[in-house]
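[1] The sequence isn't on hand, but the structure is:
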């Protein structure tokens, strides 16, 4: 079967200064809805209501889409780097305690050591 | 088990923008009378009452300005011709009147009836004649893009007929979530054109599951390497924009973007799959449009089982509530596979975008709950490959793969 020729669109069909259509406006509004939930450092400095052309919409759409991806990627990286939680003094002491032995209270422990924060 | 279904491993859906069946494929009735396209008996009245016939005078760009209105109230006018009475009957007589409302120009309003000749759309018309074209694939609702695309992702639009952001309502999950949560796990991806074009499914999918998304370049690489997921959904380029690699022309075919750019894109998707022999043998590609874009079609959308949700009267813009019990206007839909008999025309079966998650779910997951009432009642375009297969319904019916499928110079 012969290969079917597909005509290319003319160069003049490209027009980023074309007035933004409703679909792109709506898409930008959906992205703005998502952008408002992003932490400040990920947000664009673009005022959605000022978008008038297709090229302007495209710039905003790219910036927020990439910000959403970046925010998720950063969160995933933080999860991967999370340091294991350090154990508290009580947990360490409890781990070493022999069965049946009563623990001295903190007050009794201080008195027996003879050390006190107050001068007598 | 028919070998076409036995070999099937991947389903790919490419959803284009805003063109009706008659506008894009109506010319093919003259080539194959089984295709329910344009005839000389069709017309719409203009605002002077004169009948306006469809004519093969559509242009690639610069004609449908302003963008024809395709929001819910306008589509209601297009379908019912302006009749708002109880018990009204759809007549598809309101397209010219609807377009007149936007510019108040009688001559210009008639252009909504124009359609493309076959030779203007070599890719779409070749694919329609070579593979399986659906006579009765409709938009899921008589309204705009976001809601219609929602049906393709979730099987419902959660009661919405407008373009505003919405949150999904449990328990209905996206087709992607279902596949990924399955045991054994399935794979799914949404390929948007690039981050500048992004996706129309922002508030739920992109915001919550950005890992679902890849770019069109990745799709091409995945096809080349045989790494395509079980299910892929492709979105076209929605805007003219500059990239580091040069200019990208919008290829979604949404007015007023150049229709030829979309033809090229469809050919690229088709070619990427076909160029990998193993992938070609194991993939079914559905090319479909999200809605008619306000452009003329002659087939009355049928009623359907109501969805769980209702759009309130003051949300539809018509003063009447909508129970999602009527489909939207007909759109082009073509199923492509080397296991499909040349010249297949799917008649007497009704589909809409809920058929997409219905088909993908049944094929990869079998019985699955919960799903929306609209999805549960939707017909499937690929038969499940478990159990007995009804030969009358199976479109991938050939016993051996075709070797005569077309190629395009992309």
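    Arrived safely, thanks for sending. Bear in mind the structure is a predicted one, so any value in this text is a computation, not a measurement.

[2] end-to-end on stretch B:321-333?
    End-to-end distance for stretch B:321-333: 29 Å, by CA to CA, to the nearest Å.

[3] mind listing what's buried in it?
    B:322, B:324, B:326-333 (16 or more other CB atoms under 10 Å in any protein chain shown). Placement of C-beta: from N, CA and C, glycine included.

[4] And stretch B:182-201, by the same measure?
    B:182, B:186-201.

[5] what distance separates it from the centre of its chain?
    Put simply, stretch B:182-201 sits 17 Å off its chain's centre (CA atoms, centre = their mean, to the nearest Å).

[6] Let me see the mean pLDDT of it.
    Taken as a whole, stretch B:182-201 has a mean pLDDT of 97.

[7] Over to stretch B:20-30?
    Per-residue scores along stretch B:20-30 average to 98.

[8] is any part of that stretch close to chain A?
    No. In terms of CB under 8 Å from any CB of the partner chain, no part of stretch B:20-30 sits within range of chain A; the closest distance is 15.4 Å.

[9] packing partners for the longest helix seen in chain A?
    For chain A, the helix with the greatest residue count under DSSP state H is helix A:54-81. Judged by 3 or more CB pairs under 8 Å, 6 or more residues apart in numbering or on different chains; DSSP states H and E, helix A:54-81 is in contact with helix A:22-35, strand B:241-243.

[10] Identify each buried residue in it, please.
    Applying 16+ other CB under 10 Å to helix A:54-81 flags A:54-65, A:67-69, A:71-72 as buried.

[11] any weak-confidence spans in the chain?
    Since no chain was named, I'll use chain A. Confidence mapping of chain A against pLDDT under 70 gives the ranges A:83, A:85-120.

[12] on that earlier part again, any chance of the buried residues of stretch B:321-333 in a markdown table, plus secondary structure?
    Output for these, formatted as a markdown table (DSSP: H, G, I helix; E, B strand; the rest coil):
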| residue | secondary structure |
| --- | --- |
| B:322 | strand |
| B:324 | coil |
| B:326 | strand |
| B:327 | coil |
| B:328 | coil |
| B:329 | coil |
| B:330 | strand |
| B:331 | coil |
| B:332 | coil |
| B:333 | strand |
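
[13] Now the two most distant members of those.
    Pairwise distances across the buried residues of stretch B:321-333 peak at 24.5 Å for B:322 and B:332 (criterion: CB to CB).

[14] filter the buried residues of stretch B:182-201 down to the ones near chain A?
    Among those, chain A is touched by B:194-200 when using CB under 8 Å from any CB.

[15] Of these, which is the nearest to residue B:305?
    Nearest to residue B:305 among these is residue B:200, at 25.6 Å by CB to CB.

[16] what's the distance between the closest one and residue B:264?
    Using CB to CB, to the nearest Å, residue B:200 is found at 21 Å from residue B:264.

[17] Please apply the same query to residue B:319.
    In terms of CB to CB, residue B:319 sits 43 Å off from residue B:264.

[18] Pipe the helices and strands packed on helix A:54-81 into JSON lines and attach distance to residue B:234 and mean neighbour count per row.
    Listed next are the helices and strands packed on helix A:54-81 as JSON lines, based on distance: least, CB to CB, whole Å; neighbours: other CB atoms under 10 Å in any protein chain shown:
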{"stretch": "helix A:22-35", "distance to residue B:234": "17", "mean neighbour count": "22"}
{"stretch": "strand B:241-243", "distance to residue B:234": "18", "mean neighbour count": "16"}
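
[19] For residue B:159, which of those is the nearest?
    Closest of these to residue B:159 is helix A:22-35, at 17.3 Å (criterion: CB to CB).

[20] for the closest one, packing partners?
    Counting contacts by 3+ CB pairs under 8 Å, 6+ apart, helix A:22-35 packs against helix A:54-81, helix B:145-154.

[21] pLDDT of the last one, averaged?
    Right, the one you point to is helix B:145-154. Here the average pLDDT along helix B:145-154 is 98.

[22] can you tell if it touches chain A?
    Yes. Judged by CB under 8 Å from any CB, helix B:145-154 and chain A are in contact via B:145-146.

[23] Show me what that helix is packed up against.
    helix A:22-35, strand B:10-16, helix B:175-181, helix B:355-365.

[24] So what's the gap between it and the chain middle?
    When C-alpha coordinates are averaged (CA atoms, centre = their mean), helix B:145-154 and its chain have centres 10 Å apart.
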